[in-house]
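In: missing the sequence, but the structure's below:
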């Protein structure tokens, strides 16, 4: 049995973490979810498993990675393996509907949303336009667009293939915000703020912080096509309000997410609206450096702590 298993689908995202683990001589195994199988009687490969699967796997042609990840993590958890960002956490990331329901339960401002599997039913339920059309299963900004009214919504679904793979969509209120200020993403590790980041989107919806996806000087290698010409910009945001940090902590704690990111925006009328929860947090080293952090070293520290706890539990 290894000390650690890293479950992943996008190898380029994991290279910085693998490098940090290799440098420390960690006994770990890589579990590629794209071509995977496990037996119902298989033992856990490691004492601790770290889930790095992504909802956006389907945009890279890896639709089968997500159900494999969920099934395998449930298998590991029942064997007593310590699964970080496990099935419950990943299920929250996989569903925008679940995220808005959680924020409502916690009393945290979120986009008013219509969740639907039928276009005409959604139109009947929607009282204001424009709206932001989002798939329940998101990832890398895929299939997100602004619709100005019922006819644009009908046109968006003229191709029935748009429903795949989750067959569920949301119409969310279109929230104005200062485009020069952008949106805010908070990276949380083990219940504490790792670093805050401001993201200027230039109209794009793929805000993945990984330099592989948004290198800062053009389109990334796994970029969802965008009509905007300017690349996404990422900046440190030390001015983040403490109340926003506390809200993000509450969201991730309730989601059972040990390492993750939460995004929010601020409207001109003073709302602070939380709209996205991420269990697979692709860290941005250039932003973390502003706070004198090596983010993947911090993640490695956390993983080794959990490995030590697993060893202690096994020996005790």
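Out: Structure received. Predicted model, so just to flag it, every value in this text is computed and none were measured.
In: C-terminal to the helix or strand residue 101 falls within, what's the next element?
Out: Per DSSP states H and E, residue 101 falls inside helix 96-106. Going down the chain from helix 96-106, the next helix or strand is strand 113-116, by DSSP H and E.
In: Give the partner strands of that following strand in its sheet and their orientations.
Out: strand 169-173 (antiparallel) (DSSP bridges).
In: in its sheet, what does the helix or strand that comes right after the strand it pairs with sit against?
Out: Heading C-terminal from strand 169-173, the first helix or strand you meet, by DSSP H and E, is strand 183-189. Strand pairing for strand 183-189, determined by DSSP bridges: strand 192-200 (antiparallel), strand 259-266 (antiparallel).
In: Find the nearest non-adjacent residue to residue 215, please.
Out: Spatial nearest neighbour of residue 215, excluding adjacent residues (Cβ to Cβ, 6 or more residues apart in numbering): residue 231 at 7.4 Å. C-beta: built from backbone N, CA, C; applies to glycine.
In: any idea which element the nearest residue to residue 263 once chain neighbours are set aside lies in?
Out: Counting by Cβ to Cβ, 6+ apart, the nearest residue to residue 263 once its immediate chain neighbours are dropped is residue 276, at 4.1 Å. Using DSSP H and E, residue 276 sits in strand 272-278.
In: report the angle between the axes of that strand and strand 169-173?
Out: Counting by axes from the mean of the first three to the mean of the last three Cα atoms, to 10 degrees, strand 272-278 lies at 160 degrees to strand 169-173.
In: contacts for strand 272-278?
Out: 92-93, 96, 99, 102-103, 108-111, 138, 172, 175, 241, 243-244, 247-248, 251-252, 255, 257, 260-267 (Cβ atoms under 8 Å, 6 or more residues apart in numbering).
In: Starting from residue 270, give me the distance back to the residue nearest to residue 263.
Out: Going from residue 276 to residue 270 by Cβ to Cβ, to the nearest Å gives 20 Å.
In: Counting neighbours, go ahead and name the busier of these two.
Out: A count of neighbours by other Cβ atoms under 10 Å puts residue 276 above the other of residue 276 and residue 270, at 18 against 6.
In: so where is the stretch 151-300 of the chain shaky, pLDDT-wise?
Out: Applying pLDDT under 70 to the stretch 151-300 of the chain flags residues 216-229.
In: change it to 90
Out: Across the stretch 151-300 of the chain, the ranges flagged by pLDDT under 90 are 159-161, 164-166, 201-231, 280-282.
In: So which bits of the biggest helix by length in the chain are buried?
Out: Longest among the helix segments of the chain by residue count, using DSSP state H, is helix 295-315. Of all the residues in helix 295-315, those buried under the rule 16 or more other Cβ atoms under 10 Å are 295-300, 302-304, 306-307, 310.
In: try stretch 246-255
Out: Within stretch 246-255, the residues that qualify as buried are 247-252, 255, counting by 16+ other Cβ under 10 Å.
In: Out of these, name the ones that lie in helices.
Out: Using DSSP H, the buried residues of stretch 246-255 in helices are 247-252.
In: and which of those residues is nearest residue 192?
Out: Set against residue 192, the nearest of these by Cβ to Cβ is residue 249 (7.7 Å).
In: From residue 184, how far off is the closest one?
Out: For residue 249, the distance to residue 184 (Cβ to Cβ) stands at 14 Å.
In: okay, now residue 90: neighbour count?
Out: 25.
In: same thing with residue 144?
Out: Residues lying near residue 144 (other Cβ under 10 Å) number 17.
In: OK, contacts around it?
Out: 132-135, 138, 205.
In: can you do 6 Å?
Out: Residue 144 makes contact with 134, 205, according to Cβ atoms under 6 Å, 6 or more residues apart in numbering.
In: Report the separation between the two terminal residues of stretch 263-282.
Out: For stretch 263-282, the first-to-last residue distance is 13 Å (Cα to Cα, to the nearest Å).
In: for that stretch, the distance to its chain's centre please.
Out: Centroid separation for stretch 263-282 versus its chain: 12 Å, with Cα atoms, centre = their mean, to the nearest Å.
In: buried set for that stretch?
Out: 263-266, 273-282.
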